[in-house]
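In: Okay, predicted coordinates and the sequence, questions at the end:
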Amino acid sequence: MTHRVRFVLRFSLMGLLALTVVMNCHAQDTSQQSIIARIDGRYAISFADIQQYVYDSHLIYMYRKNKAEAYHRAVDEKITNQLKLIDFFAMGLNENAELLRGITREMSEELVVRYYETQFYEKYVNEDSMRIAYKELGKEVVYQQIVLPKPKHASRKDLGSLKLRAESIGHQLREGADFAEVAKNFSQHSEFSRPGDFMPPLSWEMSLSGHPNDIIFHLGTHEVRVIDSKESISIVRVAEVRRRDVPPYEQVKDKIRQSLAQRYGDFTLKEFERMKKRLIDEKALWWNAKALRQLVRWSNIPHFYEKGYPDTLREAISHGRNPVILRYSKGRVELSEYLRLLNDVLIWGKVDSVREENVKKYILEAVRTDMLVKKATSLNLERDIFHAETRNPVLRNEILRLYDLHEIEDRIPEATEKALRDFYQENKDSLFYQLAKVNIYAVIDSNKQVIDEAKHKLEQDVPFEKLAPEIFVKTYIRKRDGTFDTYLEDEPPYLGEAAFRLKLNEIAGPIEYVDSAKGIRYALIKSMAIREEKHLSFKDVEKTITDDFRKYYRQEITKTTQNNLKKKYTVTVYTDVLNRILASMGIHPQ
């Protein structure tokens, strides 16, 4: 993905988020800013953070029947994640070069994004520009205009004549001529003029939509201006500049930011792209045709850039094959540098059939990206995005991944033969005790006659799975105390006892039972699979025990790590605040 596409996506989403906040700010402004938890009295987690996490992590869908539980779980997970972020830097893992090698490329791309933000985007969208805009937010400009359309294929002489006519009209208006009369006299020449009419009041938001609107918005009362645009020349006279009341700045600042982002986003991206293009003079490039052909051959190996390229390139380099691929005015790219660009700078995009032009395009993009990373590093921009409170979603996730790798994954014991056999002996009565399980097909209805008709179809050799429009699949387990449970569902095991009485492929019904939500129900069931209860031998689990071993220790080490973090740092949770906000949203604990 090119930087331009990534920036457009990021700032489009930023605008959408800002709009969402604005739409809800009047109803939830206080709630969104309410602090739900603090760590060491410094790091704060707001309700807005919790609400975003609930949706981003899909907890809201996992707990459809108990939304309050989704929010409380989100609080716990957000706290755990923030503790990991804090501890990552407190332990100095940010100085661990070997560990950080896993996010070098992500760091490079995010540094380029931050460079664009600080050096281009934030020149126009910042706190000062937002404050200035706020002062003009309540301003409205009432004006009149006469529009002289430019004829298609007009000559320079015709355009000059049109401009002189516009200046003449402007002069008349400045001398005090009545606008309506001038417009009326001129209207016979143009269907675009609106004699004597006032245009819709021009607001600050409308002033951002184009250069002519921006000029008009900043004119004073009674001021006249001739405005030349691509398709016409307009003569504008401001009749009145008036004010209207606006909400407090804090309530509208996100809306202002969104408007400024829409106004300047594309402009700053184009400015950034022009600067990036100038980093390399493409008229002074030398390409090694032989090296390019070899790269194209490698690049078309299936999954080469997913997993194969490091070994292939290192093998060639280790045997002295390190050709120069590109020479440019500021340097050169050898095969070893190509490997570094792939590892540390820019991911290869997905291309079905790689051609020479694709390789060239990647190399130039990667070299330019590397130059921008160096510029960003010289400005010390890493401190803006790589810290315990970073809100950069890419780096937050990567830091959490590296923390888990260092503190959890690397501490999982080696799965040797002895370790696996000892693990089996210690857990054979729990993890490796196989409960009895049965799978059934079921036809279920509130009308017993429907079940009787289904049973009659069976007698006519209709397959069970075609007895009704909807055939339910149910799975039940019998626990060691003899009770039943529904497997992977929340529904009570209404048909569990009946299911376990059946032999394989045996059918039973009608079975009457009471569904706590739907009342009396009737079922026709067929046993489709039966698993016996037994102790699994080591041989039975030999193919899966390594995964079980790692999963078990991962869970145990995770619990220990989380408990140690909560002891190491002071965590305060304001559960009453959370419950009060949830209650105001109609969400109550169940």
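Out: Looks like it came in fine. Numbers count the residues shown, from 1 in each chain.
In: And for residue 179, nearest residue in space, chain neighbours not counted?
Out: If you skip the residues right next to it in sequence, residue 179 has residue 144 as its closest partner in space, 5.1 Å away by C-beta to C-beta, 6 or more residues apart in numbering. The C-beta positions use only the backbone N, C-alpha and C, and glycine is treated the same way.
In: The one you found is in what secondary structure piece?
Out: Counting by DSSP states H and E, the element that carries residue 144 is strand 139-149.
In: What count of nearby residues applies to the residue nearest to residue 179?
Out: Other residues lying near residue 144 total 22 when counted by other C-beta atoms under 10 Å.
In: how far away is it from residue 226?
Out: In this structure, residue 144 lies at 14 Å from residue 226, with C-beta to C-beta, to the nearest Å as the measure.
In: what's the overlap in contacts for these two?
Out: Listed contacts common to residue 144 and residue 226 are residue 236; contacts here mean C-beta atoms under 8 Å, 6 or more residues apart in numbering.
In: Show me what the strand holding residue 144 is packed up against.
Out: In this structure, strand 139-149 makes packing contacts with helix 156-174, helix 179-186, helix 211-217, strand 232-243, judged by 3 or more C-beta pairs under 8 Å, 6 or more residues apart in numbering; DSSP states H and E.
In: what do you get if the cut-off is 6 Å, keeping everything else the same?
Out: helix 179-186, strand 232-243 (3 or more C-beta pairs under 6 Å, 6 or more residues apart in numbering; DSSP states H and E).
In: Ok, which of the ones you listed comes nearest residue 303?
Out: strand 232-243 (56.4 Å; C-beta to C-beta).
In: Buried ones in that closest one, by neighbour count?
Out: Buried residues in strand 232-243, counting neighbours by 16 or more other C-beta atoms under 10 Å, are found at 232-238, 241.
In: Kindly report the same for stretch 400-420.
Out: 400, 402-404, 406-408, 415, 420.
In: Could you work out the end-to-end span of it for me?
Out: 29 Å (C-alpha to C-alpha, to the nearest Å).
In: can you list contacts of it?
Out: For stretch 400-420, contacts defined as C-beta atoms under 6 Å, 6 or more residues apart in numbering pick out 81, 84, 88, 99, 102, 545-546, 549-550, 553-554, 557-558, 561.
In: Weed out the non-buried ones from the residues you listed.
Out: For the contacts of stretch 400-420, burial is judged from neighbour counts taken by 16+ other C-beta under 10 Å, and it is met by 81, 84, 88, 99, 545, 549, 553, 557, 561.
In: and those as TSV, adding pLDDT?
Out: Conversion of those to TSV gives the following (pLDDT from 0 to 100):
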residue	pLDDT
81	96
84	97
88	97
99	93
545	97
549	97
553	97
557	97
561	97
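In: These into TSV, with extra columns for distance to residue 333 and secondary structure?
Out: Conversion of the buried ones among the contacts of stretch 400-420 to TSV gives the following (distance: C-beta to C-beta, whole Å; DSSP: H, G, I helix; E, B strand; the rest coil):
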residue	distance to residue 333	secondary structure
81	39	helix
84	38	helix
88	34	helix
99	28	helix
545	48	helix
549	45	helix
553	44	helix
557	43	helix
561	43	helix
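In: For those residues, which two are the farthest from each other?
Out: For the buried ones among the contacts of stretch 400-420, the farthest-apart pair by C-beta to C-beta is 88 and 545; their separation is 32.3 Å.
In: leaving aside the residues next to it on the chain, what's closest to residue 44?
Out: Nearest residue to residue 44, sequence neighbours excluded (C-beta to C-beta, 6+ apart): residue 35, at 5.0 Å.
In: Does that neighbour touch residue 42 like I think?
Out: No - here residue 35 lies out of contact with residue 42, judged by C-beta atoms under 6 Å, at a distance of 11.6 Å.
In: Between all of the contacts of stretch 400-420, which two are separated the most?
Out: 88 and 545 (32.3 Å).
In: what comes up buried for the one helix or strand residue 77 maps to?
Out: Residue 77 is part of helix 67-90, with elements assigned from DSSP H and E. Buried residues in helix 67-90, counted by 16+ other C-beta under 10 Å: 67-68, 70-75, 78-89.
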